[in-house]
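Chemist: Could you work out the structure for the sequence below:
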Amino acid sequence: MVDGVDQGIGRIMDELKKVIRVNKPDLKLIVLDSVTGNDIFDQSQLFNEAVG
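Modeler: Prediction:
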């Protein structure tokens, strides 16, 4: 990925971690577009690693 995109995603994930830490949800969902193809696996893994 482009450096700027990686940094942006990192900031978004950090913000998402903060939201989850503050709100303590019982359930966390990620909604992805099926057109994305195999990248969905990478995205869902990153989401799971970031917020569990």
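Chemist: What distance do you get for the residue nearest the centre of the chain to residue 24?
Modeler: Among the residues of the chain, the one closest to the centroid is residue 47, at 3.6 Å (CA atoms, centre = their mean). Between residue 47 and residue 24 the computed distance is 17 Å (CB to CB, to the nearest Å). Using the backbone N, CA and C atoms, a C-beta is placed for each residue, glycine as well.
Chemist: Tell me how far residue 33 lies from residue 43.
Modeler: Taking CB to CB, one finds residue 33 at 10 Å from residue 43.
Chemist: Distance of the residue nearest to the centre of the chain relative to residue 29?
Modeler: Residue 47 is 9 Å from residue 29, by CB to CB.
Chemist: in the chain, which ranges drop under the pLDDT threshold?
Modeler: Along the chain, segments meeting pLDDT under 70 span 1-7.
Chemist: for it, longest helix please?
Modeler: Across the chain, the longest stretch assigned as helix under DSSP state H is helix 3-23.
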